[in-house]
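quick one, fold the following:
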Amino acid sequence: MIDLNRPLIQNYSFPSIREKTGFVTNIKNIYEDKDGDLWIDQNRWGVGIFTPKSNKLLFCTDIPSLKNINNLKNISCITSVSSIDEIWLGSEYYSEICRLKKNKDRIEFLGTLKLSDFVENPGFPRFFYEDSKHNLWVVTTKKYWLNRQMKNNFRILISHLWI
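Numbering: from 1, shown residues only. Okay, the predicted model is just below:
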């Protein structure tokens with residue numbers, strides 16, 4: 001039963017974002033990793049990692065391995081790719097995917113997957129999905145991609161999308 005007087009969803013304003021940035025919270029993406037940390041994309045600040053246990057927030061500019069990666073300022077989608085134990089972040093304005101590995105508090109930048117290496121005019125990443133067979137589906141603003149069992153052999157399924 002739904003009780004409108006006691007909603008299941010509550011407002012959490014992330015006061016640590018306001019304290020650090022001086023801006024009102026404006027989260028564009030959110031993802032919870034296997035350690036329970038929240039990866040967020042704060043508008044105008046980029047990717048941050050919030051640790052609920054300590055109420056600590058670090059933005060990409062605070063993390064030495066991510067400090068100089070400009071694509072992390074505007075992210076359109078975030079997911080884990082469990083078959084290879086990576087976290088992928090899709091760039092909002094570039095046809096690129098940043099590949100990261102997180103081990104407890106250590107974050108390693110593995111590189112950038114340039115979609116233009118696979119096809120001309122690939123579009124910008126908007127959605128990732130890993131199915132039960134470990135196939136990775138990537139939807140961009142222009143194409144619908146499939147990477148079978150993470151063998152880095154992206155194949156375009158549909159070359160034009162109308163959303």
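
what sits against Gly123?
Remark: with contacts taken as C-beta atoms under 8 Å, 6 or more residues apart in numbering, Gly123 is in contact with Ser95, Leu115, Thr140, Thr141, Lys142, Lys143, Leu161. Every C-beta, even on glycine, is put in place using the N, C-alpha and C of the backbone.

adding distance to Ser132, write those residues out as TSV.
Formatted as TSV, these follow (distance: C-beta to C-beta, whole Å):
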residue	distance to Ser132
Ser95	28
Leu115	24
Thr140	23
Thr141	27
Lys142	27
Lys143	23
Leu161	24
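
okay if I get these as a markdown table plus distance to Lys34, pLDDT and secondary structure?
What follows is the contacts of Gly123, written out as a markdown table (distance: C-beta to C-beta, whole Å; pLDDT from 0 to 100; DSSP: H, G, I helix; E, B strand; the rest coil):
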| residue | distance to Lys34 | pLDDT | secondary structure |
| --- | --- | --- | --- |
| Ser95 | 28 | 93 | coil |
| Leu115 | 26 | 88 | helix |
| Thr140 | 26 | 90 | strand |
| Thr141 | 29 | 89 | coil |
| Lys142 | 32 | 87 | coil |
| Lys143 | 29 | 81 | coil |
| Leu161 | 31 | 43 | coil |
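
PyMOL command for the buried members of those?
With 16 or more other C-beta atoms under 10 Å as the burial test, the buried ones among the contacts of Gly123 are selected in PyMOL as follows:
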select buried, resi 95+115+140+142+143
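
tell me the one of the contacts of Gly123 nearest Glu86?
Checking these against Glu86 by C-beta to C-beta gives Leu115 as the nearest, at 16.1 Å.

does that closest one touch Ser95 like I think?
Yes - proximity of Leu115 to Ser95 meets the contact threshold set by C-beta atoms under 8 Å, at 4.3 Å.

any shared contact partners between those two?
Counting by C-beta under 8 Å, 6+ apart, the common neighbours of Leu115 and Ser95 are Pro122, Gly123, Pro125, Thr140.

for Ile107, state which of those is nearest.
Once C-beta to C-beta is applied, the member of the shared contacts of Leu115 and Ser95 that ends up nearest Ile107 is Pro125, at 19.6 Å.

confidence score at Ile87?
Per-residue confidence (pLDDT) for Ile87: 94.

same check on Ile97?
For Ile97, pLDDT reads 93.

neighbours around it, how many?
Other residues near Ile97 number 24, with proximity taken as other C-beta atoms under 10 Å.
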